[in-house]
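Novice: 3D model of this:
(one chain, ligands or ions: 2)
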Amino acid sequence: MSDVSLLFCALLGLLVLTHAHQHEKIGFYELKRGNMRLNLTNYGATVISVIVPDKHGNLADVVLGYDSINSYENDTCYFGALIGRVANRIGGAQFTLDGKTYKLPVNDHGNTLHGGTKGFSDVIWTVKSHREDNHITFTYDSFDNEQGFPGKLEVSVTYMLFGRNLLGVKMIAKPIDKATPVNLAQHTYWNLRGHNSGDILSHIVQIFGSNITPVDNNLIPTGKVQSVQNTPYDFLKPKKVGSQINELPGLYDINYVLDKNSQNHLSKVAMVRDPVSGRKMELWSNQLGVQYYTSGMLGDTKGKGGVIYHKHAGIALETQGYPDSVNHPNFPSQIVHPGETYKHYMVYRFTAS
Ligand SMILES: *[C@@H]1O[C@H](CO)[C@@H](O)[C@H](O)[C@H]1NC(C)=O
Ligand SMILES: *[C@@H]1O[C@H](CO)[C@@H](O)[C@H](O)[C@H]1NC(C)=O
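Specialist: Numbers count the residues shown, from 1 in each chain. Ligands and ions are numbered 1, 2, ... in the order given. Sure, this is the predicted structure:
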């Protein structure tokens, strides 16, 4: 059995959960295993910090975030958040399903971004289960017509530490009464040198996607699928984030079509390495796409410990379906029907050398 199958089995093991209890208010929750630590909040099912060792064993927090819940409430960068009901952009802030047109909140140049003006990243989730040395499960019951989306949807996300510095994320969603699009995403920004260490332009990135879904000026997919060959988007072999960034009209904020043919298994999505600290992060998922965003739109933002984050301070690798699939019949469908279950798995492995 391959490493990846083992990881997948470990995640499936999460289906059996105990110690259920309910919390109504906003709180902070820790996960610790070995020398890895996470801090999370049920506000937006958000990852606040991830602490892992470098090649000398020195610990650092490698994700961007804030010191207070007020800042998370005001946030427009989606630091660490769980995004839904539909992550990424929906062109024209509407879609048609079974002959009915659904109008959504406009929050990004005439389009809908990351689930609307108050998506899953801005609601208080219930803490369903928490065991500090193992996992935390957040749940959220989305109501009919919430942010314009059809039908009730039961959502859960589990963050789990296992093995040696492995972090699993399991997102599950079940429509109750109507078919609905579902496209959840985890929106953590990584800086493997440390969240307060400046830009990520010298980080090495590899993405296992030979194609992208190109976008128009407002970042809405044209519907085409285009090869990365001979373009700055080619990360099939590891290269520096900054090596060709100046050849781009804008910045890296694009969906890669992952080189895989099944959503039933985990496959490798990407690798990120910081040559200075030696920290490396590998990512596996069962999703068909990954949004690669190198925070080129990040304005100066006051983060944890009063540090000011600037442009290019972090890398987001958001596994998900293709953006705006609801308006592109040639893209794999994101419609989930009552009786069906949406399942999204991610596994991160942190090493250092
Ligand atoms: C988790 O983050 C919150 C908000 O920044 C902070 O108040 C709390 O002390 C942190 N908890 C731990 C254990 O780091
Ligand atoms: C949140 O935004 C409001 C309105 O822009 C502002 O007055 C407030 O200071 C902000 N809070 C934080 C913690 O940044």
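Novice: tell me the SS of whichever residue of the stretch 1-150 of the chain sits closest to ligand 1?
Specialist: Nearest residue of the stretch 1-150 of the chain to ligand 1: Asn39, at 3.7 Å (Cβ to the nearest ligand atom). Every residue, glycine included, has its C-beta placed from N, CA and C. Judged by DSSP: H, G, I helix; E, B strand; the rest coil, the three-state class of Asn39 is strand.
Novice: Run a quick neighbour tally on it.
Specialist: Other residues within reach of Asn39, judged by other Cβ atoms under 10 Å, total 20.
Novice: thinking it is in contact with Tyr29, fair?
Specialist: Yes: if you go by Cβ atoms under 8 Å, Asn39 and Tyr29 touch, sitting 7.5 Å apart.
Novice: Taking the stretch 101-250 of the chain, what residue is nearest to ligand 2?
Specialist: Asp122 (12.9 Å).
Novice: The nearest residue to that residue once chain neighbours are set aside: what's it in contact with?
Specialist: Once flanking residues are discounted, Asp122 sits nearest to Gly44: 6.0 Å by Cβ to Cβ, 6 or more residues apart in numbering. If a contact means Cβ atoms under 8 Å, 6 or more residues apart in numbering, then Gly44 has 72, 80-82, 120-123, 125 as its contacts.
Novice: which pair in these spans the largest distance?
Specialist: Gly80 and Val123 (14.7 Å; Cβ to Cβ).
Novice: Without its sequence neighbours, what residue ends up closest to Val52?
Specialist: Phe350 (4.5 Å).
Novice: Show me what counts as buried in the strand or helix carrying the one you found.
Specialist: Using DSSP states H and E, the element containing Phe350 is strand 342-352. By 16 or more other Cβ atoms under 10 Å, the buried positions in strand 342-352 come out as 342-350, 352.
Novice: Then stretch 71-87?
Specialist: In stretch 71-87, counting by 16+ other Cβ under 10 Å, buried: 72, 75, 77-87.
Novice: Filter the residues you listed down to the ones in strands?
Specialist: 81-83 (DSSP state E).
Novice: can you give me the helices in the protein?
Specialist: Using DSSP state H, the helices found in the chain span residues 3-12, 69-74.
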